[in-house]
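J.: Here is my input, please return the structure:
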Amino acid sequence: MSVSTHIRILVLGMFVFQSGCSLADSSFWPSLTGESPSPSEPKEEKVDNSGKNSNQKVIEPVIISAGQQGNSSNQNQQPSIGTGNFEPSGVTQGQPTGTFVGEKVVELRNELQRLQEQIFQHNGELQKMRVELVTNSQRFHGTIAAVNARLQVGTTPGNPILVQQFKSAQNDLDRLTEDIALINELASRIGNSSTMSSFLSESAQASFSISGAIDEDHRQLAILEDEVNRTDVLIDRLLTEVTNDVRRQTNYVTTERSNLNLVSTGIKSGEIFGGSLINVALANAGSVGGMGLSAGAPIDTSGRRPLVIIRFDRPKVSYEQALYNAVSRVLEKQPDALFDMVSVAPNTGGEARISLNSNKARRHSGNVLRTLVEMGLPPERVAVSAKVSGEARTSEVHLYLR
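T.: Predicted structure coming up:
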């Protein structure tokens, strides 16, 4: 093959290689379409029944099917309770020595015996209370699971069967509250036993310095002191576990009461919701506080895009599910979020008609706020205001993220 032929092949190969690189690498270069490479701003959500498309996203009522999974209250299972079994090891008996210190040893030994009997009784009460607590918790979650299962496949608003199950769940939760109160009382009695244990430990240690003792007295005192110390450690472990049980179960019942309010809202509308909105916020932040918004103050919404628009263009507008989803998504990302709610009335007709429209819009705003509170959002998180608008054709409620 001649040199010129080699050159032609080399040039042809370079052309093909460059063409391939151009095709393969074109995706790495910015598009020259005039579009911004930055993510687009989230669109506000409209809730209406007009069925018409607009430049804003319209959220239709959510249809819950049997195959969908929801975040229901029964997913917040009862936190684990302690499993410790606290039984004292007993008291070693000794022979009387006839000395003053020996009599002191017998007295302290009898006191320790009574203290260990108390601990044995406390432990028995604790194990029985734990069984009752678990039983009542399982009954509660079983009832709530039945309610959510019915809501998940869809049901009629205010279904009387679900209303009765809801009342049963309330009773179950009340029994759980009573169980926790009993365990808390037990913790107080264990605290008294701990005080007694500390007194016996100090008395046993002080008895070594009493004059007139024989070697047998000190030998028995040493055994007694060890047993008092072991009993003191046992009481401390018992008190710690019971205190932790009370704290966890109290927080659990508080959370479930909040979720139970949301279940009530779901029964009223025949739809299923997730966990309480405040629980959604707390799940994404250690604590939420410092809120305090004044209701009724004018709210400047110029240049702001609503998070949710609810148009009351029909007697019944099913906005609850879409409203919950929108607010829940915000709280997942911004647990301390504050909101502004504005009732918007049409600025049409005479002065009397505008006044009637404003009152109607305020009533709708109050209902929406009540729904948010039932969903678990603290009312101090929402500032409420009102205005009239020439663009509105019907009563509307706008929710803004502050």
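
J.: Quick check: next helix or strand after the helix or strand containing E107?
T.: Using DSSP states H and E, E107 maps to helix 100-153. Following helix 100-153 in sequence order, the next helix or strand is helix 160-207 (DSSP H and E).

J.: so how far is whichever helix or strand comes after that following helix off the chain centroid?
T.: Sequence order places helix 215-269 as the next helix or strand after helix 160-207, per DSSP H and E. Relative to the chain's own centre, helix 215-269 is displaced by 22 Å; criterion: C-alpha atoms, centre = their mean, to the nearest Å.

J.: Give the other helices and strands that helix 215-269 contacts.
T.: Using 3 or more C-beta pairs under 8 Å, 6 or more residues apart in numbering; DSSP states H and E, the elements in contact with helix 215-269 are helix 100-153, helix 160-207, helix 277-283, helix 320-333, helix 351-374. In this view, the C-beta of every residue, glycine as well, is placed from N, C-alpha and C.

J.: May I see the buried residues of the fourth one?
T.: Spelled out, that is helix 320-333. 320-328, 330-331 (16 or more other C-beta atoms under 10 Å).

J.: same question, the last one
T.: The neighbour-count criterion (16+ other C-beta under 10 Å) identifies 357-358, 360-362, 364-365, 368-369, 371-374 as the buried residues of helix 351-374.

J.: what packs against it?
T.: Packed next to helix 351-374, using 3+ C-beta pairs under 8 Å, 6+ apart, are helix 215-269, helix 320-333, strand 339-346, strand 382-389, strand 396-401.

J.: relative to strand 382-389, how tilted is the second one?
T.: Counting by axes from the mean of the first three to the mean of the last three C-alpha atoms, to 10 degrees, helix 320-333 lies at 130 degrees to strand 382-389.

J.: CA atoms of helix 320-333 as CSV?
T.: What follows is helix 320-333, C-alpha atoms only, in CSV (Å, rounded to 0.1, in the frame of the first residue of the first chain):
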residue,chain,number,x,y,z
GLU,A,320,-59.7,18.3,52.2
GLN,A,321,-57.4,15.7,50.6
ALA,A,322,-55.7,18.1,48.2
LEU,A,323,-55.3,20.7,51.0
TYR,A,324,-53.7,18.1,53.3
ASN,A,325,-51.3,16.9,50.6
ALA,A,326,-50.1,20.4,49.8
VAL,A,327,-49.6,21.4,53.5
SER,A,328,-48.0,18.1,54.4
ARG,A,329,-45.4,18.4,51.6
VAL,A,330,-44.5,21.8,52.8
LEU,A,331,-44.1,20.7,56.5
GLU,A,332,-41.9,17.8,55.4
LYS,A,333,-39.4,20.2,54.0
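
J.: Need the mean per-residue confidence for that helix.
T.: Helix 320-333 shows a mean pLDDT of 83.

J.: what helices or strands is that helix leaning on?
T.: strand 45-47, helix 215-269, helix 277-283, strand 308-311, helix 351-374, strand 396-401.

J.: nearest to G158, of the ones you listed?
T.: The closest of the helices and strands packed on helix 320-333 to G158 is helix 215-269. By C-beta to C-beta, the value is 6.0 Å.

J.: could you measure G266 against P335, distance?
T.: Distance, G266 to P335, by C-beta to C-beta, to the nearest Å: 23 Å.
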